[in-house]
Each structure stands twice: as C-alpha cells, then as structure tokens.
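[1] Give me a model of this one.
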Amino acid sequence: MARYEVSQFGAAALETEHLLLGLLREEKSILSRFFPAHPSMDVIRKQIEARTVIRERTPTSLEVPLSAESKNVLWYGAEEADSLSHRDIRPEHLLLGLLREKGSLGAKILRENGVEYAEVRKELGKDAAE
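    The predicted model follows:
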C-alpha cells in the first residue's frame with residue numbers, strides 16, 4: 001500500500017509518510033486503536049499533503065527505492081517484533097518503527113495526532129501477555 005501512496009504523490013523514493021499512509025490503509029484499526037482523537041484517513045492525508053510536494057502521479061509498477069529513514073523504520077519494526085517475542089512483523093510493529101525514526105515526517109504526524117511510542121509499546125505488551 002505504501003508503493004501505491006508513492007505513486008499518488010509522484011515521489012522519487014518511498015518515504016516514511018508513504019509508509020504511514022500505507023499502514024493506515026492496510027490496517028484500519030490502527031486509527032481507532034492508537035490515535036487518541038481517532039482522526040480519519042483523510043485528515044492524516046491532508047496533514048501530509050500540506051508538508052510535501054505532490055508531483056504528477058507515477059505508475060505503481062515503477063521501481064522506487066526506500067529512503068534511508070524508511071529502511072530504518074523497517075529495521076526498527078523487525079526489532080520491535082523480536083523484542084515482543086512476536087514471530088511476525090505486524091502493522092503495529094511498523095507503527096513503533098515509525099515513531100522511533102523521530103525526525104521523519106511520518107513520526108511527526110503521528111506525534112501531532114497524539115500517538116506516542118510508550119503508549120503503543122505498552123498496549124502491545126498487554127497483547128503479548130494475553
């Protein structure tokens with residue numbers, strides 16, 4: 001889904017904001033579960049659009065590299081899954097990965113919407129205990 005978002009923005013690389021939008025598109029429960037104000041996907045998209053350059057759409061088949069920040073997010077997501085003893089990397093782990101890449105646009109948008117690393121981690125820790 002993040003690749004779709006890259007094509008919609010006409011971006012040259014898959015950035016953290018594309019990962020965030022793809023994540024929300026793929027796992028709709030994240031908005032209601034982890035966003036205190038429960039914004040809509042459209043609200044998040046508008047917040048991102050206000051801070052990025054939107055170019056002509058590109059085909060989804062176009063090969064687009066991951067930005068360095070996005071690579072970090074994926075790595076952090078794998079670390080989070082491992083530290084919680086989860087066998088699979090789930091959307092929630094990628095959400096934690098986004099929050100750990102603090103200077104990225106994806107992380108800024110999450111924090112502005114009240115999503116905090118400690119709270120997400122605590123919630124996922126509860127899941128692991130059950």
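
[2] so where is the chain shaky, pLDDT-wise?
    The model of the chain has pLDDT under 70 over residues 127-130.

[3] What segments of it are helices?
    2-9, 16-26, 29-34, 41-49, 68-83, 91-100, 105-112, 117-129 (DSSP state H).

[4] To T58, which of those lies closest?
    Among the helices of the chain, helix 2-9 comes nearest to T58, with 5.0 Å by Cβ to Cβ. Any C-beta I mention is one placed from the backbone N, CA and C, and that applies to glycine too.

[5] tell me the angle the closest one makes with helix 91-100.
    Computed with axes from the mean of the first three to the mean of the last three Cα atoms, to 10 degrees, the direction of helix 2-9 lies at 50 degrees from that of helix 91-100.

[6] helices or strands next to helix 2-9 in the packing?
    If you count contacts as 3 or more Cβ pairs under 8 Å, 6 or more residues apart in numbering; DSSP states H and E, helix 2-9 packs onto helix 16-26.

[7] Check which helices and strands the helix it packs on sits against.
    helix 2-9, helix 29-34, helix 41-49, helix 68-83, helix 91-100, helix 105-112.

[8] Figure out which of the ones you listed is closest to L124.
    helix 91-100 (5.5 Å).

[9] Tell me which of the helices and strands packed on helix 16-26 is the most buried.
    Highest mean neighbour count among those (mean count of other Cβ atoms under 10 Å): helix 91-100, with a mean of 24.

[10] Any chance of TSV for the helices of the chain, columns distance to R57?
    Below are these laid out as TSV (distance: least, Cβ to Cβ, whole Å):
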stretch	distance to R57
helix 2-9	6
helix 16-26	13
helix 29-34	25
helix 41-49	13
helix 68-83	20
helix 91-100	24
helix 105-112	20
helix 117-129	32
